[in-house]
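Q: Predicted model follows, preceded by the sequence.
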Amino acid sequence: MINRIFLIAVILGVPLSVIGHMMHWSDVLMFIIYCLTIIALAAFMGRATESLAVVAGPRIGGLLNATFGNAVELIISIFALKEGLTAVVLASLTGSVLGNLLLVGGLSFFIGGLKFKRQEFNVYDARHNSGLLIFAVIVAFVIPEVFASEMNEAKTMSLSVGISIILIILYLAALFFKLVTHRGVYQHKSEEVEEHEEPEWSMWKAITVLFLSTLAVAYVSESLVSTIEIVSESFGWSELFIGVIIVAIVGNAAEHASAIIMAVKNRMGVAVEIAVGSTLQVAMFVAPILVLVSLMFENQMSLVFTWPELIAMVTAVFLTIAISNDGDTNWFEGATLLGAYIIMGIGFYLI
């Protein structure tokens, strides 16, 4: 039923996005159409990556979900940078970290916990990811803010570029560590007794859907970005709120759906890999790539966030580490993460 609704939304949304853009319909109406269309397209991307995850295994499957889920946000952010909306891009990166750790993780733990009393996942992966989260979010994001007060704009940008290159190298090294040199070394019993599951789509059908969905998202995203400033003025929303909440939720819709589906199926290892792995990918790959891409545009983007953004991200990281480091979760821990996300959402709305 839900899949049928998303199919109808894509069939109607993509043509309406094209027609509305050409005929200059109301920006507020088009903003709504663009958001709903991207969410529907993201659902197809989620189903395709889920099919690939069944074939590839939990770690690679989680990586695929995170990668193609973040592809939507990366596309939106590049077009936003082109329009000079660097504050919106930084806010959307903040929203991705908060959304993945607190919203996606929280919903997965909560909904999965309603069906199963306890859900286990690989404690070694959780501890490995904890160190990377501290490095990527706390070290790499806080350091530029601290040093920027003693630097001019050019030096701050140079620092951001240097940090970005280091983050990308370390992210690729982390993938090499998990998928090549230490693949299977820290295997958890839940991964050994993985029940056999048939993928919904064949590999080539899934790849084709991913490719076409990504092209459609690229087109709709460019149009979405052009409406942000007018929508911000119409509703009285700050660019910070639009970036942290609206753009982040739309951009990460595929991961939200995939992680929850995996949690309901008691494949918590994949759900956690999507939530935490996606956060790491945003912090260590997407954000650095956007910094480097911004060098091609007039308005360059450094890795300098506002203090509310930084404090919110650091809090989310420590709360997630405290809850997930034992490799065991339940619905109450999910509710705790969701409560933190709602509190931060209210704060960003009122700024």
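A: Here it is on my side, so go on.
Q: In this protein, where is pLDDT below threshold?
A: 1-2, 56-69, 182-197, 251-255 (pLDDT under 70).
Q: The longest helix belonging to it packs against which elements?
A: For the chain, the helix reaching the highest residue count under DSSP state H is reported as helix 203-235. Judged by 3 or more C-beta pairs under 8 Å, 6 or more residues apart in numbering; DSSP states H and E, helix 203-235 is in contact with helix 2-23, helix 27-56, helix 58-82, helix 239-241. For glycine as for every other residue, the C-beta is placed from the backbone atoms N, C-alpha and C.
Q: now with 6 Å?
A: helix 2-23, helix 27-56, helix 58-82 (3 or more C-beta pairs under 6 Å, 6 or more residues apart in numbering; DSSP states H and E).
Q: ok and the second one relative to helix 203-235, angle-wise?
A: Translated: helix 27-56. Counting by axes from the mean of the first three to the mean of the last three C-alpha atoms, to 10 degrees, helix 27-56 lies at 150 degrees to helix 203-235.
Q: next one: the shortest one
A: Orientation of helix 2-23 against helix 203-235 (the same axes, to 10 degrees) gives an angle of 60 degrees.
Q: Just the C-alphas of helix 2-23, formatted as PDB.
A: Presented in PDB, the C-alpha positions along helix 2-23 are these (Å, rounded to 0.1, in the frame of the first residue of the first chain):
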ATOM      1  CA  ILE A   2       2.700   2.500   1.000                       C
ATOM      2  CA  ASN A   3       4.800   1.500  -2.000                       C
ATOM      3  CA  ARG A   4       1.800   2.200  -4.300                       C
ATOM      4  CA  ILE A   5       1.400   5.600  -2.700                       C
ATOM      5  CA  PHE A   6       5.000   6.400  -3.400                       C
ATOM      6  CA  LEU A   7       4.700   5.100  -7.000                       C
ATOM      7  CA  ILE A   8       1.700   7.400  -7.600                       C
ATOM      8  CA  ALA A   9       3.600  10.300  -6.000                       C
ATOM      9  CA  VAL A  10       6.500   9.800  -8.400                       C
ATOM     10  CA  ILE A  11       4.300   9.400 -11.500                       C
ATOM     11  CA  LEU A  12       2.500  12.700 -10.500                       C
ATOM     12  CA  GLY A  13       5.300  14.600  -8.800                       C
ATOM     13  CA  VAL A  14       8.000  14.500 -11.500                       C
ATOM     14  CA  PRO A  15       5.700  15.800 -14.300                       C
ATOM     15  CA  LEU A  16       4.200  18.400 -12.000                       C
ATOM     16  CA  SER A  17       7.700  19.500 -11.000                       C
ATOM     17  CA  VAL A  18       8.500  20.100 -14.600                       C
ATOM     18  CA  ILE A  19       5.200  21.800 -15.600                       C
ATOM     19  CA  GLY A  20       5.100  23.900 -12.400                       C
ATOM     20  CA  HIS A  21       8.600  25.200 -12.900                       C
ATOM     21  CA  MET A  22       8.000  26.000 -16.600                       C
ATOM     22  CA  MET A  23       4.600  27.800 -15.900                       C
END
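Q: tell me which residues of that helix are tucked away?
A: Of all the residues in helix 2-23, those buried under the rule 16 or more other C-beta atoms under 10 Å are 6, 9, 10, 13, 14, 16, 17, 20, 21.
Q: which other helices and strands contact that helix?
A: On a contact count with 3+ C-beta pairs under 6 Å, 6+ apart, helix 2-23 meets helix 27-56, helix 203-235.
Q: would you turn the ones you listed into TSV with distance to residue 319?
A: Listed next are the helices and strands packed on helix 2-23 as TSV, based on distance: least, C-beta to C-beta, whole Å:
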stretch	distance to residue 319
helix 27-56	25
helix 203-235	29
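Q: Of all those helices, which one is nearest residue 114?
A: Taking C-beta to C-beta, helix 27-56 is the member of these nearest to residue 114, at 20.7 Å.
Q: Residue 45 versus the residue nearest to residue 225 when sequence neighbours are not counted, what's the distance?
A: Among residues not flanking residue 225 along the chain, residue 79 sits closest, at 4.4 Å (C-beta to C-beta, 6 or more residues apart in numbering). According to C-beta to C-beta, to the nearest Å, residue 79 and residue 45 sit 18 Å apart.
Q: between the two, which one's more packed in?
A: When residue 79 is set against residue 45 and neighbours are counted by other C-beta atoms under 10 Å, the residue ahead is residue 45, at 27 against 17.
Q: three-state assignment of the nearest residue to residue 298 once chain neighbours are set aside?
A: Distances taken as C-beta to C-beta, 6+ apart place residue 84 nearest to residue 298, at 6.9 Å, with adjacent residues excluded. Assigned with DSSP: H, G, I helix; E, B strand; the rest coil, residue 84 falls in the coil class.
Q: From what I see, residue 84 and residue 299 are in contact.
A: Yes. With contact defined as C-beta atoms under 6 Å, residue 84 and residue 299 form a contacting pair (4.2 Å).
Q: All set now, cheers.
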